[in-house]
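Undergrad: model the following, please.
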Amino acid sequence: MKIETSGLLSLKNPEMSKPNQNNVTGEFEKMLKGYIGEVNKLQLKAEEMDQQFAAGTIENVHEVTIAAEKAALALDLTLQIRNKVVEAYQEIMRMPI
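TA: Next comes the predicted model:
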């Protein structure tokens, strides 16, 4: 039985067929900045909801708690990812040339 692969989608990005250092670094930088921006938005939203709750404009405690937990989880995940990247960098630096 022959399997036809002509109908399968290619996972390669045509622009990445010949990756250069600037292109890869730029994409990683954009991705990282985007994720950090999302974490920042969650932190700011949680802080804003805390202030509104303290002022008495929000009555639902669960909404404030959920926003705070989302922000905390996002920050924890970001820190864990950072730690893994640092560990990987340190491991690469320990490799003999």
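Undergrad: all contacts plus neighbour counts: C-alpha atoms, from now on.
TA: OK.
Undergrad: please enumerate the helices of the chain.
TA: For the chain, the helices defined by DSSP state H occupy 21-55, 61-94.
Undergrad: read off the pLDDT value for residue 39.
TA: If you check residue 39, the pLDDT there is 96.
Undergrad: wouldn't it be in contact with residue 75 here?
TA: Yes. With contact defined as Cα atoms under 8 Å, residue 39 counts as touching residue 75 (6.4 Å).
Undergrad: more neighbours, these two?
TA: residue 39 (21 against 18; other Cα atoms under 10 Å).
Undergrad: for the chain, give me the ranges with low pLDDT.
TA: Applying pLDDT under 70 to the chain flags the ranges 1-22.
Undergrad: tell me how many other residues crowd the spatially closest residue to residue 70 that is not a sequence neighbour.
TA: What sits nearest to residue 70 in space, not counting adjacent residues and going by Cα to Cα, 6 or more residues apart in numbering, is residue 42, at 7.0 Å. Number of residues near residue 42 (other Cα under 10 Å) recorded here: 21.
Undergrad: who's in contact with residue 42?
TA: 67, 70, 71, 74 (Cα atoms under 8 Å, 6 or more residues apart in numbering).
Undergrad: ok, and the most crowded of the residues you listed?
TA: In terms of neighbour count, residue 71 stands highest of the contacts of residue 42 at 22 neighbours, by other Cα under 10 Å.
Undergrad: that residue touches residue 43, doesn't it?
TA: Yes. In terms of Cα under 8 Å, residue 71 counts as a neighbour of residue 43; the distance is 5.1 Å.
Undergrad: what about residue 43, distance to residue 76?
TA: For residue 43, the distance to residue 76 (Cα to Cα, to the nearest Å) stands at 12 Å.
Undergrad: who has more neighbours out of these two?
TA: Legend: neighbour count by other Cα under 10 Å for residue 43 and residue 76, higher for residue 43 (20 against 13).
Undergrad: is it correct that the more buried one is in contact with residue 66?
TA: No. Look at residue 43 against residue 66 with Cα under 8 Å: they stay out of range, at 11.8 Å.
Undergrad: tell me the centre residue of the protein?
TA: residue 35 (3.7 Å; Cα atoms, centre = their mean).
Undergrad: any idea how far residue 64 is from residue 30?
TA: Residue 64 sits 30 Å away from residue 30 when distances are taken as Cα to Cα.
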